[in-house]
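Undergrad: quick check, what structure comes out for this input:
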Amino acid sequence: MCHRTQRQEKLQSARTTLLGSSGFHSSDVRLPRLTDLDQSPLALDALYTPHLELLDLDTSFPLKGRIAYLPKSTFVHANCPIMTLRWSRGEATDRAVILLVKEGRIELECAEPLLFRSPGVHFVPSGSAPVVVSVVEPRTELVFISVPNTCVQSSVPEYKEAVLTVTDPVSCTLLAPMYAFIAGTCALSVDDVSDASPLISASREVIRATLDLIMNTGRADSRSLYGEAMRMILAEYTDPSFGVNQLASALNVSTRTMQASFRAERATVSGALREVRAAAASELKRRNPRLTRAQLAQGAGFGSVDALDRAMRLLHPGMPS
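TA: Have a look, this model is predicted:
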């Protein structure tokens, strides 16, 4: 068995143990000094990238982030100082990476093709050549998505061609729901999630939608009904009146058909809405700790504080009212 395969199996085993029965885990990452990355094997394993080297770090502002672990994917929401990071990758990695920059700017260098679309979308396909990531503006805020290359291949079979040919700008408005969901998922704590099945299902569709968008496939309408519904949920969840009836009507199907499409994914419309809104509420709370529960409920699309509380209790039954 090759070293790379052994390493992957070790990481997958560690991840399975970390996720436990819920299928979800999260943690904080804070690196105030240049040497801290080498001393943080958890951060390396969490990112599925064991060959990271921090070349330079502006210590006037610490690197801070949240990592959300799911069975096959990793989400990171980070605020970064000016820094330079080298990902040597070693032998060909089986992971692909998406970087979405909300504020600030980063630059990537690699001998192999990478995809960049302004204002701040980067895609790193699986490969073996080292990747140098430079954060060139202070307090750059971004999300990082790490997925198996099989996920990319199944979502966008022609991704290699897209990396070489797609260069036009991408709409920030279209990316905003994906960014918000990823950041919100990172903001969830382990205690917020007792059963991650709906979250895993929603995350899988968010990744597919993000890949479709950044690869410019124009396939949004040809995906499954479930996929179209998840995209609409991500766009409309802040409207508290938006539910299964509005979703079915917007996609021109019956509520029974809509519900059946979610059952096929071992999910429900109400569960998906609850997961997305709960993640949004967690992110709002992280960004604005002084917000009242009523403000959190309104900002995340819950019709009332009671609805917010019920959603959080369903995610974590042991949580007090």
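
Undergrad: any stretches of the stretch 1-150 of the chain with poor pLDDT?
TA: Across the stretch 1-150 of the chain, the ranges flagged by pLDDT under 70 are 1-22, 31-50, 90-92.

Undergrad: let's go with 90 and repeat that
TA: By pLDDT under 90, the weakly predicted segments of the stretch 1-150 of the chain are 1-65, 67, 69-72, 85, 87-95, 128.

Undergrad: so where do the helices sit in it?
TA: 3-19, 41-46, 149-155 (DSSP state H, counting those that start in this stretch).

Undergrad: and the gap between residue 96 and residue 24?
TA: 21 Å (Cβ to Cβ, to the nearest Å). Heads up, the C-betas are built off the backbone N, CA and C, glycines and all.

Undergrad: okay, those two: which has more neighbours?
TA: residue 24 (26 against 21; other Cβ atoms under 10 Å).

Undergrad: got the contact list for residue 273?
TA: 233, 237, 242, 243, 301 (Cβ atoms under 8 Å, 6 or more residues apart in numbering).

Undergrad: Three-state assignment for the first one, please.
TA: On the three-state scheme (DSSP: H, G, I helix; E, B strand; the rest coil), residue 233 is labelled helix.

Undergrad: tell me, how many residues neighbour it?
TA: 24.

Undergrad: that one touches residue 250, doesn't it?
TA: No. Using Cβ atoms under 8 Å as the test, residue 233 is too far from residue 250 to be in contact (10.4 Å).

Undergrad: tell me where this protein has strands.
TA: Under the criterion DSSP state E, strands of the chain are mapped to 25-31, 52-57, 63-69, 74-80, 83-87, 95-103, 106-110, 115-117, 121-124, 131-135, 140-148.

Undergrad: how about residues contacting the fourth one?
TA: Outside strand 74-80, the residues within contact range by Cβ under 8 Å, 6+ apart are 29, 46-48, 63-68, 104, 106, 135, 139-146, 182-183, 185-187, 203.

Undergrad: which of those residues count as buried?
TA: Those of those that meet the buried threshold are 29, 46-48, 63, 65-68, 104, 106, 135, 140-146, 182-183, 185-187, 203, by 16 or more other Cβ atoms under 10 Å.

Undergrad: what residues go with each domain of this protein?
TA: According to automatic domain parsing, the chain is divided into the following domains: 3-169, 190-315.

Undergrad: out of those, flag the one nearest residue 178.
TA: domain 190-315 (4.8 Å; Cβ to Cβ).

Undergrad: let me see the mean pLDDT of the closest one.
TA: What domain 190-315 shows for mean pLDDT is 85.

Undergrad: now it, how far from the chain's geometric center?
TA: Here the centre of domain 190-315 is set off from its chain's centre by 14 Å, with Cα atoms, centre = their mean, to the nearest Å.

Undergrad: over to stretch 62-75?
TA: So, by Cα atoms, centre = their mean, the centroid of stretch 62-75 is 8 Å from its chain's centroid.
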